[in-house]
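Student: Fold the following for me, if possible:
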Amino acid sequence: MDSGSPTKIAVIGSGLMGSALARAFAAAGHDVAVWNRTPSKARAVGGGTLAFDNLIEAVSGRALVVVSVSNYAACAELLSSEGVARALAGKTLVQLTSGSPADARTGLEWAKAHGVDYLDAAILAYPGFVATDYATVFYAGSRAVFDRHLATLQAIARNSVYVDEKIGSAATLDCAILEAYYGSSLAFLHAAAMCKAEGLDPKIFFSHKSSFLGLVSVTADAAQGMVERNDFSGDQCSLNTHVAAIEHIVRLSKDARISARFPQELLENYKRALSEGLGLQELPAVFRTLMRD
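Tutor: Predicted coordinates for the structure are as follows:
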């Protein structure tokens, strides 16, 4: 692990996230170079950072290069520019661009081919939360490389979590958490729409958020053990009963003339489990039908 002394860092990308990362590193006392395809955006980062117009000059002499651009394709285009790979040889590249596990694997292949240490990372925070207790960054790749740079990386998130040597593991965990977030957000927004359509003030529903959050938590805890054991038997509530409840939600939505797409999709997924003979199992038995298309 680095000793906590200032590190020479380059941050590639000066969007909202890249700018927040660069300023956080600089605020922690590190020597931070920033580069963006549009030079004026790099100069606008401020916060004690130094803007470069030339990418090779930005990364030269830097021990740590952090990339935060729009997507992996944009990153690949930058890395394939003349002389960039040579300038990065022997350095550590931390990929903080959002992508899939397949993107991460492609990135690692490129890094290995050019003598670059590589960490694939996923940040679970809005730009405004960088360097606060609300930020989490997941890392995948070489444990030795992660440990070497951990003290520096904690400038952007004290909660810097090493996931696994498998390079796609950080992206996988990020996508999994985000799916749970987006799916549950759509669910409670649809629930609020049902209330409003039926003349019930949605604030009454939101005031009971502990009820549905509690149910999700209990079910997640139960599902963890069931998935691990591949045993979804129980005596709490069968899938048959859950499907009947979802049918009520679909009917309410249609009667109230609001969008029924989301509960209908839920119903179809749960009924698929019934069609495979899982009706007497507990709700997490749906997991078995999701492991294949």
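
Student: Who are the contact partners of Gly46?
Tutor: Applying Cβ atoms under 8 Å, 6 or more residues apart in numbering to Gly46 gives the contacts Arg23. The C-beta positions use only the backbone N, C-alpha and C, and glycine is treated the same way.

Student: whoops, I mixed them up, Asp117
Tutor: So Asp117 contacts 91-93, 111, 142, 145 (Cβ under 8 Å, 6+ apart).

Student: Kindly report the same for Val116.
Tutor: Val116 sits in contact with 85, 88-93, 110, where contact means Cβ under 8 Å, 6+ apart.

Student: of those, closest to Ser160?
Tutor: Nearest to Ser160 among the contacts of Val116 is Thr92, at 14.1 Å by Cβ to Cβ.

Student: ok, and the most crowded of the contacts of Asp117?
Tutor: Most neighbours among these, by other Cβ atoms under 10 Å: Leu93, with 26 neighbours.

Student: If you count contacts, what does the longest helix seen in the chain end up packed against?
Tutor: Longest helix of the chain, by residue count under DSSP state H: helix 169-197. Under the contact definition 3 or more Cβ pairs under 8 Å, 6 or more residues apart in numbering; DSSP states H and E, helix 169-197 sits against helix 101-113, strand 117-124, strand 136-141, strand 159-164, helix 202-206, helix 209-229, helix 239-255, helix 261-275.

Student: Can you add secondary structure and distance to Thr38 and give the contacts of Val116 back as CSV?
Tutor: Below are those laid out as CSV (DSSP: H, G, I helix; E, B strand; the rest coil; distance: Cβ to Cβ, whole Å):
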residue, secondary structure, distance to Thr38
Ala85, helix, 23
Leu88, helix, 21
Ala89, coil, 27
Gly90, coil, 29
Lys91, coil, 24
Thr92, strand, 26
Leu93, strand, 22
Trp110, helix, 24
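
Student: what is the mean pLDDT for the longest helix of the chain?
Tutor: Predicted confidence along helix 169-197 averages 97 (mean pLDDT).

Student: shouldn't Ala285 be in contact with Leu278?
Tutor: Yes. Assessed by Cβ atoms under 8 Å, Ala285 is found in contact with Leu278 at 4.4 Å.

Student: between those two, what contacts are shared?
Tutor: 232, 239.

Student: So the two - more neighbours on which side?
Tutor: Neighbour totals were compared for Ala285 and Leu278, and Ala285 leads with 26 against 21 (other Cβ under 10 Å).

Student: State the distance from the more buried one to Leu153.
Tutor: 40 Å (Cβ to Cβ, to the nearest Å).

Student: ok, now Gly99?
Tutor: For Gly99 relative to Leu153 (Cβ to Cβ), the value is 19 Å.

Student: For the two, indicate the residue with more neighbours.
Tutor: Leu153 (23 against 20).

Student: tell me the contacts of that one?
Tutor: Leu153 makes contact with 94, 137, 139, 146, 160 under the criterion Cβ under 8 Å, 6+ apart.

Student: One more: Arg257?
Tutor: By Cβ under 8 Å, 6+ apart, the contact set of Arg257 is Ala197.

Student: and if you look at Leu267?
Tutor: Leu267 touches 243, 246-247, 249-250, counting by Cβ under 8 Å, 6+ apart.

Student: Leaving aside the residues adjacent along the chain, what's closest to the residue nearest to the spatial centre of the chain?
Tutor: Nearest to the mean C-alpha position of the chain, by Cα atoms, centre = their mean, lies Asp174 at 2.9 Å. Once flanking residues are discounted, Asp174 sits nearest to Ala122: 3.4 Å by Cβ to Cβ, 6 or more residues apart in numbering.
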